[in-house]
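**Q** need a 3D model of the following:
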Amino acid sequence: MKIYHKIWNTYNPNDKISSGRYKDVIHHIDGDHDNNEISNLQKMPHGEHTRLHSKDRIVSDTTRKKQSRAKIGNKNGKGNIGNKIIDRKSPPTFTEEHRKKISKSGKGRVFTEEHKQKISDSIKRPLANKEDSAWELIFW
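**A** The predicted model follows:
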């Protein structure tokens, strides 16, 4: 269970989040997933959450066609029958030559200590410097 689900359930014992795929989700009102204050959390159905985040999304014709082809043979988008059909018709996304070029471009890359620290901090960020009482209630 995600931390913001636990926080929601702690503060709203009579309106707990339903677990499982395509059930209720927690929306971060300000868009910051690290801000787990109860005033920033909003419970909503999965479909409503998807519509909220995709209402201003502009999809190119190419992407729209790919999305349409991906659904072929899939009842409600479940299963992978359509994907197998598409895989036989479509060439691989990256050729072996292209993969080698990408690999070669990354080899020998040197990171500064500052950059290494940034990467390390970004991985640890969700677990560090949380002063919310619900956070302490759950983890300490």
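
**Q** which SSE is Gln42 in?
**A** Taking DSSP states H and E as the definition, Gln42 sits inside strand 41-45.

**Q** how about the spatially most central residue of the chain, secondary structure?
**A** Nearest to the mean C-alpha position of the chain, counting by Cα atoms, centre = their mean, stands His33 at 10.5 Å. Local secondary structure at His33 is given as coil here, using DSSP: H, G, I helix; E, B strand; the rest coil.

**Q** coming back round to it: which SSE is immediately downstream of the strand holding Gln42?
**A** According to DSSP H and E, the helix or strand after strand 41-45 is helix 46-54.

**Q** which strands or helices does the helix or strand that that next one is followed by pack on?
**A** Stepping forward along the backbone from helix 46-54, the first helix or strand reached (DSSP H and E) is helix 61-70. Applying 3 or more Cβ pairs under 8 Å, 6 or more residues apart in numbering; DSSP states H and E, one finds that helix 61-70 contacts helix 81-89. Using the backbone N, CA and C atoms, a C-beta is placed for each residue, glycine as well.

**Q** what mean pLDDT does the helix it packs on get?
**A** Taken as a whole, helix 81-89 carries a mean pLDDT of 48.

**Q** what does stretch 101-119 give?
**A** pLDDT averaged over stretch 101-119 equals 88, rounded to a whole number.

**Q** export it to PDB, keeping only CA atoms.
**A** Presented in PDB, the C-alpha positions along stretch 101-119 are these (Å, rounded to 0.1, in the frame of the first residue of the first chain):
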ATOM      1  CA  LYS A 101      25.000   3.200 -30.900                       C
ATOM      2  CA  ILE A 102      23.000   4.100 -27.800                       C
ATOM      3  CA  SER A 103      25.100   1.700 -25.700                       C
ATOM      4  CA  LYS A 104      28.400   3.200 -27.100                       C
ATOM      5  CA  SER A 105      27.300   6.700 -26.400                       C
ATOM      6  CA  GLY A 106      26.800   6.000 -22.700                       C
ATOM      7  CA  LYS A 107      30.000   4.100 -22.100                       C
ATOM      8  CA  GLY A 108      32.800   6.000 -20.400                       C
ATOM      9  CA  ARG A 109      30.400   8.700 -19.200                       C
ATOM     10  CA  VAL A 110      31.800  10.400 -16.100                       C
ATOM     11  CA  PHE A 111      29.500  11.800 -13.400                       C
ATOM     12  CA  THR A 112      30.600  14.500 -11.100                       C
ATOM     13  CA  GLU A 113      30.300  13.900  -7.300                       C
ATOM     14  CA  GLU A 114      27.600  16.500  -7.200                       C
ATOM     15  CA  HIS A 115      25.600  14.700  -9.900                       C
ATOM     16  CA  LYS A 116      26.000  11.300  -8.100                       C
ATOM     17  CA  GLN A 117      24.700  12.900  -4.900                       C
ATOM     18  CA  LYS A 118      21.700  14.300  -6.800                       C
ATOM     19  CA  ILE A 119      20.800  10.900  -8.100                       C
END
